[in-house]
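S.K.: Quick check, what structure comes out for this input:
(one chain, ligands or ions: 1)
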Amino acid sequence: MTHAEILIVGGGIAGASTAWHLAERGREVVLLERGEIASEASGVNAGSITSLGWGHTPDLQSHLTAGSVEIFKQLALDLGHDVEFRVSGALSAIHTDEQYAWARDRAHRLREQSFVAELITAREARAIEPHVDPALPGLMHYPVSAQANPAKATRGFADAAARHGARILANHDVTQIRVDGDAYRVSTSHGDVVADTLVLAAGAWCPALGDMLDVRIPIIPVRGQMWATAPLPPSVFTKIASVESGCDWARDSGADDTTPPELTIRDGKRLTRHLYGRQTRDGEIIFGGDRQIVGYDKAIDPAGIEVNRAHAAQVLPFLRRVPIARTWAGLMPFALDGKPIIGRLPGHASAWIVSGLASSGFGRGPMAGKLLAEYIHTGHRPHVLTDADPGRFASGLSAYAGARGSAPTS
Ligand SMILES: Cc1cc2nc3c(=O)[nH]c(=O)nc-3n(C[C@H](O)[C@H](O)[C@H](O)COP(=O)(O)OP(=O)(O)OC[C@H]3O[C@@H](n4cnc5c(N)ncnc54)[C@H](O)[C@@H]3O)c2cc1C
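M.R.: Numbering: from 1, shown residues only. Next up, the predicted model:
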(Lines give C-alpha, C1' and ligand atoms only; values in the text may rest on other atoms or scores of the structure.)
Protein backbone atom coordinates (compact mmCIF):
# COMPACT_ATOMS: atom_id res chain seq x y z
CA MET A 1 0.00 0.00 0.00
CA THR A 2 1.41 3.37 -1.09
CA HIS A 3 0.29 6.70 0.36
CA ALA A 4 0.23 9.84 -1.77
CA GLU A 5 -0.60 13.37 -0.74
CA ILE A 6 -1.58 14.11 -4.35
CA LEU A 7 -2.20 11.30 -6.83
CA ILE A 8 -2.35 12.14 -10.54
CA VAL A 9 -3.79 9.61 -12.99
CA GLY A 10 -2.42 10.01 -16.53
CA GLY A 11 1.08 10.50 -17.88
CA GLY A 12 0.29 12.75 -20.83
CA ILE A 13 1.27 16.40 -21.02
CA ALA A 14 -1.60 17.55 -18.76
CA GLY A 15 -0.71 15.13 -15.95
CA ALA A 16 3.05 15.59 -16.32
CA SER A 17 2.80 19.39 -16.21
CA THR A 18 0.46 19.28 -13.19
CA ALA A 19 2.92 16.95 -11.44
CA TRP A 20 5.85 19.23 -12.19
CA HIS A 21 4.15 22.39 -10.97
CA LEU A 22 2.83 20.76 -7.77
CA ALA A 23 6.17 19.10 -6.96
CA GLU A 24 7.96 22.40 -7.64
CA ARG A 25 5.74 23.95 -4.94
CA GLY A 26 6.91 21.28 -2.49
CA ARG A 27 3.87 19.01 -2.70
CA GLU A 28 4.26 15.23 -2.45
CA VAL A 29 3.11 13.85 -5.81
CA VAL A 30 2.64 10.35 -7.25
CA LEU A 31 1.73 10.05 -10.96
CA LEU A 32 0.28 6.79 -12.31
CA GLU A 33 0.38 6.02 -16.05
CA ARG A 34 -0.95 2.74 -17.37
CA GLY A 35 1.45 2.62 -20.33
CA GLU A 36 4.65 4.58 -20.75
CA ILE A 37 4.80 8.36 -20.29
CA ALA A 38 3.54 10.02 -23.51
CA SER A 39 2.16 6.75 -24.88
CA GLU A 40 -1.17 8.27 -26.00
CA ALA A 41 -2.15 11.61 -27.59
CA SER A 42 0.66 13.59 -25.95
CA GLY A 43 3.30 11.43 -27.62
CA VAL A 44 1.79 11.08 -31.09
CA ASN A 45 0.53 14.58 -31.87
CA ALA A 46 1.91 16.93 -34.52
CA GLY A 47 3.96 18.97 -32.05
CA SER A 48 2.30 22.21 -33.01
CA ILE A 49 2.20 24.90 -30.29
CA THR A 50 -0.22 27.53 -31.48
CA SER A 51 0.10 31.02 -30.03
CA LEU A 52 -1.00 34.49 -31.05
CA GLY A 53 0.62 36.08 -28.01
CA TRP A 54 -1.23 37.32 -24.90
CA GLY A 55 -3.40 40.03 -26.47
CA HIS A 56 -4.38 43.13 -24.48
CA THR A 57 -6.98 41.34 -22.33
CA PRO A 58 -5.71 37.80 -21.77
CA ASP A 59 -8.53 35.25 -21.42
CA LEU A 60 -8.37 31.51 -20.77
CA GLN A 61 -7.24 30.73 -24.32
CA SER A 62 -4.44 33.34 -24.19
CA HIS A 63 -3.25 31.99 -20.86
CA LEU A 64 -3.28 28.40 -22.08
CA THR A 65 -1.49 29.15 -25.37
CA ALA A 66 0.92 32.02 -24.66
CA GLY A 67 1.45 30.75 -21.10
CA SER A 68 2.38 27.31 -22.41
CA VAL A 69 4.94 28.82 -24.81
CA GLU A 70 6.63 30.41 -21.79
CA ILE A 71 6.67 27.04 -20.00
CA PHE A 72 8.15 25.32 -23.07
CA LYS A 73 10.85 28.01 -23.07
CA GLN A 74 11.52 27.31 -19.40
CA LEU A 75 11.83 23.58 -20.07
CA ALA A 76 14.04 23.97 -23.14
CA LEU A 77 16.08 27.10 -22.44
CA ASP A 78 16.32 27.33 -18.65
CA LEU A 79 16.29 23.64 -17.69
CA GLY A 80 18.16 22.50 -20.81
CA HIS A 81 15.79 19.76 -22.05
CA ASP A 82 16.37 19.18 -25.75
CA VAL A 83 12.74 18.83 -26.83
CA GLU A 84 13.30 20.32 -30.33
CA PHE A 85 11.43 23.45 -29.25
CA ARG A 86 11.58 26.47 -31.52
CA VAL A 87 9.43 29.50 -32.19
CA SER A 88 9.16 28.73 -35.88
CA GLY A 89 6.07 30.78 -36.69
CA ALA A 90 3.12 29.37 -38.61
CA LEU A 91 1.58 29.97 -42.02
CA SER A 92 -2.06 29.23 -42.76
CA ALA A 93 -2.98 29.06 -46.44
CA ILE A 94 -6.00 30.73 -48.04
CA HIS A 95 -7.50 28.92 -51.03
CA THR A 96 -10.61 30.91 -52.08
CA ASP A 97 -12.03 34.44 -52.19
CA GLU A 98 -14.47 33.59 -49.39
CA GLN A 99 -11.62 32.38 -47.20
CA TYR A 100 -9.64 35.51 -48.05
CA ALA A 101 -12.45 37.76 -46.85
CA TRP A 102 -12.79 35.72 -43.65
CA ALA A 103 -9.01 35.81 -43.02
CA ARG A 104 -8.82 39.56 -43.67
CA ASP A 105 -11.54 40.21 -41.07
CA ARG A 106 -9.90 37.81 -38.64
CA ALA A 107 -6.49 39.47 -39.02
CA HIS A 108 -8.11 42.84 -38.40
CA ARG A 109 -9.95 41.61 -35.27
CA LEU A 110 -6.87 39.88 -33.88
CA ARG A 111 -4.67 42.93 -34.33
CA GLU A 112 -7.28 45.14 -32.67
CA GLN A 113 -6.90 42.87 -29.62
CA SER A 114 -3.08 43.15 -29.82
CA PHE A 115 -2.59 39.56 -30.97
CA VAL A 116 0.37 38.77 -33.20
CA ALA A 117 -1.06 37.88 -36.61
CA GLU A 118 -0.89 39.28 -40.13
CA LEU A 119 -2.31 38.60 -43.56
CA ILE A 120 0.50 38.30 -46.12
CA THR A 121 0.82 37.59 -49.84
CA ALA A 122 2.13 34.31 -51.26
CA ARG A 123 5.24 36.21 -52.37
CA GLU A 124 5.88 37.40 -48.80
CA ALA A 125 5.21 33.87 -47.54
CA ARG A 126 7.75 32.44 -49.98
CA ALA A 127 10.42 34.59 -48.36
CA ILE A 128 9.67 32.66 -45.14
CA GLU A 129 8.71 29.27 -46.61
CA PRO A 130 10.20 28.90 -50.12
CA HIS A 131 8.05 25.95 -51.29
CA VAL A 132 4.65 27.57 -50.68
CA ASP A 133 2.48 27.60 -53.83
CA PRO A 134 2.91 31.06 -55.44
CA ALA A 135 -0.69 30.90 -56.73
CA LEU A 136 -2.27 31.00 -53.25
CA PRO A 137 -4.43 34.15 -52.77
CA GLY A 138 -2.67 34.83 -49.42
CA LEU A 139 -1.69 33.34 -46.08
CA MET A 140 -2.14 34.16 -42.41
CA HIS A 141 1.19 34.48 -40.62
CA TYR A 142 1.50 33.81 -36.88
CA PRO A 143 5.13 34.66 -36.02
CA VAL A 144 5.04 33.58 -32.33
CA SER A 145 3.65 30.09 -32.90
CA ALA A 146 6.07 27.32 -32.03
CA GLN A 147 6.75 23.61 -32.33
CA ALA A 148 8.45 20.81 -30.39
CA ASN A 149 8.88 17.05 -30.34
CA PRO A 150 5.75 15.86 -28.46
CA ALA A 151 7.09 12.65 -26.90
CA LYS A 152 10.39 14.27 -25.83
CA ALA A 153 8.58 17.31 -24.40
CA THR A 154 6.03 15.27 -22.45
CA ARG A 155 8.78 13.09 -21.00
CA GLY A 156 10.69 16.31 -20.24
CA PHE A 157 7.79 17.55 -18.10
CA ALA A 158 7.67 14.22 -16.26
CA ASP A 159 11.45 14.35 -15.72
CA ALA A 160 11.18 17.91 -14.38
CA ALA A 161 8.49 16.66 -11.95
CA ALA A 162 10.70 13.76 -10.87
CA ARG A 163 13.62 16.13 -10.23
CA HIS A 164 11.38 17.94 -7.72
CA GLY A 165 10.61 14.65 -6.00
CA ALA A 166 7.46 13.43 -7.78
CA ARG A 167 7.20 9.66 -8.14
CA ILE A 168 6.38 8.81 -11.76
CA LEU A 169 5.04 5.26 -11.98
CA ALA A 170 4.59 3.92 -15.54
CA ASN A 171 2.71 0.68 -16.29
CA HIS A 172 0.26 1.33 -13.44
CA ASP A 173 -3.28 0.87 -14.72
CA VAL A 174 -5.92 2.41 -12.44
CA THR A 175 -8.77 -0.11 -12.27
CA GLN A 176 -10.89 1.12 -9.36
CA ILE A 177 -11.33 4.24 -7.23
CA ARG A 178 -13.22 4.22 -3.93
CA VAL A 179 -13.96 7.08 -1.58
CA ASP A 180 -12.60 6.05 1.83
CA GLY A 181 -13.49 8.71 4.43
CA ASP A 182 -11.57 11.83 3.42
CA ALA A 183 -9.23 9.85 1.18
CA TYR A 184 -9.32 8.05 -2.17
CA ARG A 185 -8.33 4.38 -2.32
CA VAL A 186 -7.09 3.74 -5.85
CA SER A 187 -6.53 0.18 -7.09
CA THR A 188 -3.90 -0.33 -9.77
CA SER A 189 -2.37 -3.26 -11.62
CA HIS A 190 0.45 -3.04 -9.03
CA GLY A 191 -1.45 -2.65 -5.75
CA ASP A 192 -3.43 0.06 -3.99
CA VAL A 193 -2.58 3.72 -3.42
CA VAL A 194 -4.35 5.84 -0.81
CA ALA A 195 -4.42 9.53 -1.69
CA ASP A 196 -5.61 12.68 0.07
CA THR A 197 -6.08 14.45 -3.25
CA LEU A 198 -6.83 12.95 -6.65
CA VAL A 199 -6.25 14.51 -10.08
CA LEU A 200 -7.73 12.99 -13.23
CA ALA A 201 -5.51 13.75 -16.22
CA ALA A 202 -6.39 10.72 -18.30
CA GLY A 203 -7.23 12.48 -21.56
CA ALA A 204 -9.86 10.67 -23.63
CA TRP A 205 -10.17 8.05 -20.86
CA CYS A 206 -11.37 10.49 -18.17
CA PRO A 207 -15.01 9.29 -18.50
CA ALA A 208 -14.07 5.76 -17.37
CA LEU A 209 -12.31 7.18 -14.29
CA GLY A 210 -15.24 9.52 -13.65
CA ASP A 211 -17.57 6.49 -13.70
CA MET A 212 -15.48 5.00 -10.86
CA LEU A 213 -16.29 8.14 -8.84
CA ASP A 214 -19.93 8.37 -9.98
CA VAL A 215 -19.16 11.60 -11.83
CA ARG A 216 -20.12 11.75 -15.48
CA ILE A 217 -17.40 13.50 -17.38
CA PRO A 218 -18.58 14.68 -20.81
CA ILE A 219 -15.39 14.02 -22.71
CA ILE A 220 -15.64 12.34 -26.07
CA PRO A 221 -12.71 10.57 -27.72
CA VAL A 222 -12.05 12.06 -31.14
CA ARG A 223 -9.65 10.29 -33.48
CA GLY A 224 -6.91 12.33 -35.09
CA GLN A 225 -4.75 10.75 -37.74
CA MET A 226 -1.45 11.69 -39.34
CA TRP A 227 0.99 10.70 -42.05
CA ALA A 228 4.70 11.23 -42.58
CA THR A 229 7.16 11.18 -45.47
CA ALA A 230 10.54 9.49 -45.17
CA PRO A 231 13.24 11.86 -43.84
CA LEU A 232 14.02 14.60 -46.38
CA PRO A 233 16.58 17.43 -46.45
CA PRO A 234 15.36 20.62 -44.69
CA SER A 235 12.49 21.92 -46.84
CA VAL A 236 9.71 23.14 -44.47
CA PHE A 237 10.66 25.67 -41.80
CA THR A 238 7.42 26.91 -40.25
CA LYS A 239 4.24 25.13 -39.24
CA ILE A 240 1.88 24.82 -42.19
CA ALA A 241 -1.91 25.02 -41.93
CA SER A 242 -4.96 26.14 -43.90
CA VAL A 243 -7.75 28.58 -42.99
CA GLU A 244 -10.35 26.37 -44.71
CA SER A 245 -11.65 24.64 -41.55
CA GLY A 246 -11.65 27.84 -39.47
CA CYS A 247 -13.67 29.61 -42.14
CA ASP A 248 -16.16 26.70 -42.40
CA TRP A 249 -16.50 26.26 -38.61
CA ALA A 250 -17.14 29.99 -38.20
CA ARG A 251 -20.21 29.49 -40.39
CA ASP A 252 -21.28 26.23 -38.71
CA SER A 253 -19.31 24.64 -35.87
CA GLY A 254 -21.01 21.29 -36.57
CA ALA A 255 -21.93 20.85 -32.89
CA ASP A 256 -25.17 19.23 -31.79
CA ASP A 257 -26.43 17.58 -28.58
CA THR A 258 -24.00 14.68 -28.89
CA THR A 259 -21.24 16.13 -31.07
CA PRO A 260 -18.55 18.57 -29.97
CA PRO A 261 -17.79 21.53 -32.24
CA GLU A 262 -15.11 21.64 -34.91
CA LEU A 263 -14.91 18.07 -36.20
CA THR A 264 -14.05 17.42 -39.85
CA ILE A 265 -16.34 14.42 -40.31
CA ARG A 266 -19.75 13.85 -38.69
CA ASP A 267 -21.90 10.76 -39.19
CA GLY A 268 -19.57 9.65 -41.99
CA LYS A 269 -20.00 12.92 -43.91
CA ARG A 270 -17.09 15.31 -44.47
CA LEU A 271 -17.83 18.80 -43.11
CA THR A 272 -14.51 20.45 -43.92
CA ARG A 273 -10.79 19.85 -44.38
CA HIS A 274 -8.44 20.73 -41.51
CA LEU A 275 -4.67 20.86 -41.95
CA TYR A 276 -1.55 21.14 -39.80
CA GLY A 277 1.98 19.96 -40.39
CA ARG A 278 5.68 20.63 -40.14
CA GLN A 279 9.07 19.08 -40.77
CA THR A 280 10.58 17.35 -37.76
CA ARG A 281 14.23 17.57 -36.81
CA ASP A 282 14.88 14.08 -38.20
CA GLY A 283 13.57 15.26 -41.58
CA GLU A 284 10.12 13.67 -41.77
CA ILE A 285 7.40 15.95 -43.09
CA ILE A 286 4.31 15.19 -41.00
CA PHE A 287 0.72 16.29 -41.61
CA GLY A 288 -2.70 15.61 -40.14
CA GLY A 289 -6.01 17.28 -39.52
CA ASP A 290 -9.02 14.97 -39.49
CA ARG A 291 -11.14 14.81 -36.33
CA GLN A 292 -13.76 12.09 -36.19
CA ILE A 293 -15.78 10.26 -33.52
CA VAL A 294 -15.13 6.53 -33.86
CA GLY A 295 -15.21 5.44 -30.21
CA TYR A 296 -11.82 4.23 -28.94
CA ASP A 297 -10.80 2.85 -32.36
CA LYS A 298 -7.37 4.03 -33.52
CA ALA A 299 -7.46 2.31 -36.92
CA ILE A 300 -6.50 4.62 -39.81
CA ASP A 301 -9.03 5.79 -42.41
CA PRO A 302 -6.91 5.78 -45.63
CA ALA A 303 -9.44 7.96 -47.50
CA GLY A 304 -9.04 10.69 -44.88
CA ILE A 305 -5.26 10.48 -45.18
CA GLU A 306 -5.53 10.99 -48.96
CA VAL A 307 -7.80 14.04 -48.54
CA ASN A 308 -5.31 15.50 -46.06
CA ARG A 309 -2.35 14.79 -48.31
CA ALA A 310 -4.03 16.46 -51.30
CA HIS A 311 -4.79 19.47 -49.08
CA ALA A 312 -1.14 19.66 -47.94
CA ALA A 313 0.00 19.50 -51.58
CA GLN A 314 -2.24 22.50 -52.37
CA VAL A 315 -0.01 24.49 -50.00
CA LEU A 316 3.34 22.79 -50.70
CA PRO A 317 3.08 21.39 -54.27
CA PHE A 318 6.31 19.34 -54.02
CA LEU A 319 4.44 16.98 -51.65
CA ARG A 320 2.55 15.57 -54.69
CA ARG A 321 5.74 13.72 -55.64
CA VAL A 322 6.68 12.48 -52.16
CA PRO A 323 5.28 9.13 -51.00
CA ILE A 324 3.75 8.54 -47.57
CA ALA A 325 6.11 6.45 -45.45
CA ARG A 326 3.92 5.85 -42.37
CA THR A 327 0.60 6.74 -40.77
CA TRP A 328 -0.68 6.76 -37.19
CA ALA A 329 -3.63 7.87 -35.07
CA GLY A 330 -4.44 8.94 -31.52
CA LEU A 331 -7.43 9.98 -29.41
CA MET A 332 -8.08 13.59 -28.44
CA PRO A 333 -10.16 14.50 -25.38
CA PHE A 334 -12.97 16.76 -26.66
CA ALA A 335 -15.45 18.16 -24.14
CA LEU A 336 -18.99 18.26 -25.45
CA ASP A 337 -18.85 22.07 -25.62
CA GLY A 338 -15.29 22.06 -27.00
CA LYS A 339 -13.87 23.92 -23.99
CA PRO A 340 -11.23 22.75 -21.48
CA ILE A 341 -12.35 21.14 -18.22
CA ILE A 342 -9.97 22.24 -15.45
CA GLY A 343 -10.89 22.39 -11.78
CA ARG A 344 -12.62 20.59 -8.93
CA LEU A 345 -14.91 17.67 -9.80
CA PRO A 346 -18.54 18.37 -8.86
CA GLY A 347 -19.47 16.71 -5.56
CA HIS A 348 -15.84 16.08 -4.53
CA ALA A 349 -13.82 18.30 -2.20
CA SER A 350 -10.48 16.74 -3.10
CA ALA A 351 -10.81 15.37 -6.63
CA TRP A 352 -9.78 17.46 -9.61
CA ILE A 353 -9.61 17.21 -13.37
CA VAL A 354 -7.44 18.69 -16.10
CA SER A 355 -8.68 17.65 -19.51
CA GLY A 356 -10.87 18.58 -22.47
CA LEU A 357 -7.82 20.00 -24.22
CA ALA A 358 -9.16 18.66 -27.50
CA SER A 359 -7.04 19.13 -30.61
CA SER A 360 -4.59 21.57 -29.06
CA GLY A 361 -3.63 19.97 -25.77
CA PHE A 362 0.04 19.74 -26.61
CA GLY A 363 0.22 23.50 -27.00
CA ARG A 364 -2.13 24.21 -24.07
CA GLY A 365 -1.39 21.36 -21.64
CA PRO A 366 1.65 22.90 -19.92
CA MET A 367 -0.28 25.98 -18.74
CA ALA A 368 -3.41 23.92 -18.02
CA GLY A 369 -1.31 21.86 -15.59
CA LYS A 370 0.29 24.95 -14.08
CA LEU A 371 -3.06 26.67 -13.51
CA LEU A 372 -4.55 23.57 -11.90
CA ALA A 373 -1.45 23.16 -9.70
CA GLU A 374 -1.86 26.78 -8.55
CA TYR A 375 -5.55 26.15 -7.76
CA ILE A 376 -4.85 22.96 -5.77
CA HIS A 377 -1.87 24.45 -3.96
CA THR A 378 -3.45 27.74 -2.92
CA GLY A 379 -7.11 26.66 -2.75
CA HIS A 380 -7.97 29.73 -4.83
CA ARG A 381 -9.16 29.38 -8.39
CA PRO A 382 -7.13 31.45 -10.87
CA HIS A 383 -9.81 33.71 -12.34
CA VAL A 384 -9.24 32.54 -15.92
CA LEU A 385 -10.30 29.02 -14.91
CA THR A 386 -13.89 30.20 -14.46
CA ASP A 387 -14.50 29.34 -18.14
CA ALA A 388 -13.10 25.83 -17.64
CA ASP A 389 -15.24 24.98 -14.59
CA PRO A 390 -16.16 21.26 -14.55
CA GLY A 391 -19.35 22.23 -12.71
CA ARG A 392 -20.86 23.62 -15.92
CA PHE A 393 -21.86 20.06 -16.82
CA ALA A 394 -23.47 19.26 -13.46
CA SER A 395 -26.87 19.04 -15.13
CA GLY A 396 -28.14 18.23 -18.60
CA LEU A 397 -25.72 15.44 -19.36
CA SER A 398 -28.11 12.86 -20.72
CA ALA A 399 -27.35 13.66 -24.35
CA TYR A 400 -23.69 12.96 -23.99
CA ALA A 401 -24.05 9.33 -22.92
CA GLY A 402 -24.47 8.01 -26.45
CA ALA A 403 -21.72 10.09 -28.04
CA ARG A 404 -18.66 8.71 -26.34
CA GLY A 405 -19.43 5.03 -26.95
CA SER A 406 -17.96 2.51 -24.57
CA ALA A 407 -15.00 3.85 -22.61
CA PRO A 408 -12.68 0.99 -21.74
CA THR A 409 -10.43 1.49 -18.73
CA SER A 410 -7.54 0.08 -20.72
C1 LIG B 1 -3.03 12.87 -34.25
C2 LIG B 1 -3.07 13.98 -33.25
C3 LIG B 1 -2.45 15.19 -33.57
C4 LIG B 1 -2.50 16.25 -32.66
N5 LIG B 1 -1.79 17.38 -32.93
C6 LIG B 1 -1.70 18.36 -32.00
C7 LIG B 1 -0.86 19.47 -32.20
O8 LIG B 1 -0.14 19.56 -33.20
N9 LIG B 1 -0.83 20.44 -31.26
C10 LIG B 1 -1.57 20.34 -30.12
O11 LIG B 1 -1.53 21.27 -29.30
N12 LIG B 1 -2.34 19.26 -29.86
C13 LIG B 1 -2.42 18.27 -30.78
N14 LIG B 1 -3.18 17.15 -30.53
C15 LIG B 1 -3.98 17.09 -29.30
C16 LIG B 1 -3.11 16.73 -28.09
O17 LIG B 1 -2.26 15.66 -28.41
C18 LIG B 1 -3.98 16.36 -26.91
O19 LIG B 1 -4.95 17.38 -26.67
C20 LIG B 1 -3.15 16.23 -25.63
O21 LIG B 1 -2.04 15.39 -25.85
C22 LIG B 1 -4.00 15.67 -24.49
O23 LIG B 1 -3.13 15.46 -23.41
P24 LIG B 1 -3.65 14.70 -22.11
O25 LIG B 1 -2.49 14.64 -21.19
O26 LIG B 1 -4.92 15.32 -21.67
O27 LIG B 1 -4.05 13.24 -22.66
P28 LIG B 1 -3.15 11.99 -23.11
O29 LIG B 1 -1.90 12.41 -23.77
O30 LIG B 1 -4.05 11.07 -23.87
O31 LIG B 1 -2.72 11.35 -21.74
C32 LIG B 1 -3.64 10.66 -20.92
C33 LIG B 1 -2.88 9.49 -20.31
O34 LIG B 1 -3.72 8.87 -19.33
C35 LIG B 1 -3.41 7.49 -19.34
N36 LIG B 1 -4.51 6.74 -18.75
C37 LIG B 1 -5.77 6.62 -19.21
N38 LIG B 1 -6.49 5.83 -18.41
C39 LIG B 1 -5.66 5.44 -17.41
C40 LIG B 1 -5.83 4.59 -16.28
N41 LIG B 1 -6.99 3.97 -16.04
N42 LIG B 1 -4.77 4.40 -15.46
C43 LIG B 1 -3.58 5.02 -15.69
N44 LIG B 1 -3.37 5.82 -16.76
C45 LIG B 1 -4.41 6.02 -17.61
C46 LIG B 1 -3.23 7.18 -20.82
O47 LIG B 1 -2.47 5.99 -21.01
C48 LIG B 1 -2.53 8.43 -21.34
O49 LIG B 1 -1.12 8.28 -21.41
C50 LIG B 1 -3.17 16.08 -31.43
C51 LIG B 1 -3.75 14.87 -31.11
C52 LIG B 1 -3.72 13.82 -32.00
C53 LIG B 1 -4.34 12.50 -31.64
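
S.K.: tell me how far the ends of stretch 256-272 are from each other?
M.R.: Terminal residues of stretch 256-272 lie 16 Å apart, using CA to CA, to the nearest Å.

S.K.: now it: mean pLDDT?
M.R.: The predicted model assigns stretch 256-272 a mean pLDDT of 95.

S.K.: shift numbering so it begins at 21
M.R.: Noted, 21 is the first residue going forward, which turns the last one into stretch 276-292.

S.K.: Contacts for it next, please.
M.R.: Identification of contacts with stretch 276-292 by CB atoms under 8 Å, 6 or more residues apart in numbering yields 240, 242, 264-265, 268-269, 272-275, 293-294, 309-313, 324, 327, 354-358, 378-379, 419-420, 422-423. Where C-beta positions appear, they are placed from N, C-alpha and C, glycine not excepted.

S.K.: Just give the number of residues close to residue 405.
M.R.: A count of neighbours around residue 405, defined by other CB atoms under 10 Å, yields 20.

S.K.: picking up where we left off before, can you say which of the contacts of stretch 276-292 are buried?
M.R.: Judged by neighbour count, with 16 or more other CB atoms under 10 Å as the criterion, the buried members of these are 240, 242, 264-265, 268-269, 274-275, 293-294, 309-313, 324, 327, 354-356, 358, 378-379, 420, 423.

S.K.: Which of those residues fall within strands?
M.R.: Restricting the buried ones among the contacts of stretch 276-292 to those inside strands, with DSSP state E as the criterion, leaves 240, 242, 309, 310, 311, 312, 354, 355.

S.K.: Any chance of these in TSV with distance to the ligand and pLDDT as columns?
M.R.: Converted to TSV, those look like this (distance: CB to the nearest ligand atom, whole Å; pLDDT from 0 to 100):
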residue	distance to the ligand	pLDDT
240	13	97
242	8	98
309	9	98
310	9	98
311	9	98
312	11	98
354	9	98
355	11	97
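
S.K.: Pipe those into a markdown table and attach distance to residue 27 per row.
M.R.: Below are those laid out as a markdown table (distance: CB to CB, whole Å):
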| residue | distance to residue 27 |
| --- | --- |
| 240 | 25 |
| 242 | 27 |
| 309 | 35 |
| 310 | 35 |
| 311 | 31 |
| 312 | 33 |
| 354 | 25 |
| 355 | 23 |
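
S.K.: Double-check residue 154 against residue 142; I have them as touching.
M.R.: Yes - look at residue 154 against residue 142 with CB atoms under 8 Å: they come within range, at 5.1 Å.

S.K.: So for those two, which sits in the more crowded spot?
M.R.: When residue 154 and residue 142 are compared for neighbours, residue 142 comes out ahead with 18 against 11, by other CB under 10 Å.

S.K.: Contacts only, for that one.
M.R.: If you count contacts by CB under 8 Å, 6+ apart, then residue 142 has 152, 153, 154, 155, 156, 157, 158, 159 around it.

S.K.: Please repeat the previous calculation with a cut-off of 10 Å.
M.R.: 111, 113, 114, 149, 152, 153, 154, 155, 156, 157, 158, 159 (CB atoms under 10 Å, 6 or more residues apart in numbering).
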